[in-house]
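Undergrad: Predicted model and sequence below, questions to follow.
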Amino acid sequence: MGQSDGDHVRAELAQRIMAIGLAASRASANDLARDMDALRSLAHRHGFHPAATVAHALETALARGERGPLIQSWLRVLQDAVGCGRSDAHACEAYAAACSVRYQ
């Protein structure tokens with residue numbers, strides 16, 4: 001029996017997060033933002049709403065010029081959001097709050 005569509009999307013998101021993390025130290029902010037936007041769009045389109053929420057916060061951080069360890073920390077939150085298994089508003093709010101705390 002094959003993987004479900006959700007499993008395929010989860011694997012794709014995880015792969016993209018890993019690629020962004022590996023490229024984060026050498027890629028331009030524009031390239032990282034473009035990759036994050038594509039990831040956010042994929043997550044949203046397939047119902048991974050907490051991941052889309054974190055990706056949006058990460059896009060905002062990149063636009064502010066954030067780089068380095070902070071981005072890696074947010075990518076770990078994003079990976080957690082991909083695997084959380086929930087897509088309700090409360091989960092999105094919890095992840096948005098986690099992003100807010102990490103920014104401070």
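TA: Yep, that arrived.
Undergrad: Could you list the low-pLDDT ranges of the protein?
TA: For the chain, the stretches flagged by pLDDT under 70 are 1-3, 102-104.
Undergrad: Could you list the residues in contact with stretch 94-101?
TA: Outside of stretch 94-101, the residues within contact range by CB atoms under 8 Å, 6 or more residues apart in numbering are 50, 53-54, 57-58, 74, 77, 81, 84. (Glycine included, C-beta is placed from N, CA and C.)
Undergrad: In helices, which of these appear?
TA: 50, 53-54, 57-58, 74, 77, 81 (DSSP state H).
Undergrad: Show me which parts of the strand or helix carrying residue 94 are buried, residue by residue.
TA: Following DSSP states H and E, one finds residue 94 within helix 89-103. Neighbour counts over helix 89-103 (16 or more other CB atoms under 10 Å) mark 91-92, 94-95, 98-99, 102 as buried.
Undergrad: which of those lies closest to residue 36?
TA: The closest of the buried residues of helix 89-103 to residue 36 turns out to be residue 99 (CB to CB; 12.8 Å).
Undergrad: circling back to that earlier point, biggest separation within the contacts of stretch 94-101, which pair?
TA: Among the contacts of stretch 94-101, 58 and 84 lie farthest apart (CB to CB), at 16.0 Å.
Undergrad: okay, those two: which has more neighbours?
TA: residue 58 (26 against 15; other CB atoms under 10 Å).
Undergrad: Nearest residue to residue 24 in space, please, no chain neighbours.
TA: In space, and not counting its chain neighbours, residue 24 is closest to residue 71: 5.1 Å by CB to CB, 6 or more residues apart in numbering.
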